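>>> Just a sequence and a predicted model for now, questions to come.
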Amino acid sequence: MHTYFITGTDTDIGKTAITCSLIAKLTEEGFRAGGMKPVAAGCHMEDGFMMSDDVKKIIEVSNVNLNINEINPYQFEPPIAPHISFKKYKKEIDIHLIQKHLRSFEDKIDYLFIEGVGGYAVPLTENFSTADFIAALDVPVILVVGMKLGCINHALLTVESILNKKQKLSGWVANRIDMHMLAYDENVSFLKEKIKAPCLGEVPYLKDFDPFNASKFLDITKLNDKVDLD
């Protein structure tokens, strides 16, 4: 099972959209592909489950049947920073439980994308961040850069943090979230020069987002761990 952690330069920059697009890309290639979002905020009750809209989108595009409580073991109703919710509801992240779920997926799935919550440095609990989570899982990272004013600073600081923690950055995606962004081409060119990991694609601003449409702009063969889709 090839496993990647999807993190972003901020919140609301399209991590779920890109996660779903990567899944769509691989299902179209004939692979068993799915996603996981271990921690989700802003959830609501639906069909007897505490459901996140992000998790629902991941389930809809995946072509494998995974238990919702395994792909999203921690659900919180308030749309607030997770460390506040974990403290409020007196919960702790059980890394061993999540690792157990990952092991159970190995015979069911070829490619798994684990979507984080918020940006790379977001605290999940008072003493445990997304960066710590990635380290505990020991999986490579795909970074989603939300293309808007200020993205260069956010992207370079995030990449620096990933590399300083000696984690593997397998690739990044330029996701245009501001259709009116000035000097878009110049910003992307600068990031391609400075980020020493392959750009997996540039996803344009799409008013009616469809992961299968967006997947056409991604080239997963550029992943620097040499994924072979032949």
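Perfect, thanks for sending it.

>>> Distance-wise, check the closest residue to E126 other than its chain neighbours relative to L191.
In this structure, E126 finds its nearest non-sequential neighbour in H83, 5.7 Å apart by Cβ to Cβ, 6 or more residues apart in numbering. From N, CA and C alone the C-beta is placed, and that goes for glycine too. Look at H83 and L191: by Cβ to Cβ, to the nearest Å, they are 29 Å apart.

>>> tell me the secondary structure for the residue nearest to E126?
Secondary structure, DSSP: H, G, I helix; E, B strand; the rest coil: H83 is helix.

>>> could you give the mean pLDDT of the helix or strand containing E202?
If you go by DSSP states H and E, E202 is part of strand 199-203. Average pLDDT, strand 199-203: 97.

>>> Check what contacts the worst-scoring helix or strand of the chain on mean pLDDT and list those residues.
Of all helical and strand segments in the chain, the minimum by mean pLDDT, DSSP states H and E falls on strand 49-51, at a mean of 84. Contact with strand 49-51 is made by C43, H44, M45, I68, Q75, E77, as judged by Cβ atoms under 8 Å, 6 or more residues apart in numbering.

>>> what ranges do the strands span in the protein?
Here the chain has its strands, by DSSP state E, at 2-8, 33-36, 39-40, 44-46, 49-51, 74-75, 111-115, 123-125, 128-129, 141-147, 169-176, 199-203.

>>> so of those, which one's packed in deepest?
strand 141-147 (a mean of 27; mean count of other Cβ atoms under 10 Å).

>>> Hmm, T7 is touching I134, no?
Yes. If you go by Cβ atoms under 8 Å, T7 and I134 touch, sitting 7.3 Å apart.

>>> Quick check: neighbours shared by those two?
Joint contacts of T7 and I134 (Cβ under 8 Å, 6+ apart) are G116, V141.

>>> per-residue pLDDT, N69?
89.

>>> how far away is the nearest residue to K165 once chain neighbours are set aside from S161?
Spatial nearest neighbour of K165, chain neighbours left out: A131 (5.8 Å); criterion: Cβ to Cβ, 6+ apart. A131 sits 7 Å away from S161, going by Cβ to Cβ.

>>> of these two, who's got more company?
The neighbour comparison of A131 against S161 (other Cβ atoms under 10 Å) goes to A131, with 23 against 15.

>>> still on that earlier bit, identify the farthest-apart pair in the contacts of strand 49-51.
Comparing every pair within the contacts of strand 49-51 by Cβ to Cβ identifies I68 and E77 as the most remote, at 15.9 Å.

>>> And the two? Which one has more around it.
I68 (17 against 14).

>>> residues contacting F113?
Applying Cβ under 8 Å, 6+ apart, the residues near F113 are T3, Y4, F5, I6, T19, L22, I23, A33, G34, G35, M36, I142.

>>> wouldn't the third one be in contact with D138 here?
No. F5 sits out of contact with D138 when judged by Cβ under 8 Å, with a separation of 9.8 Å.
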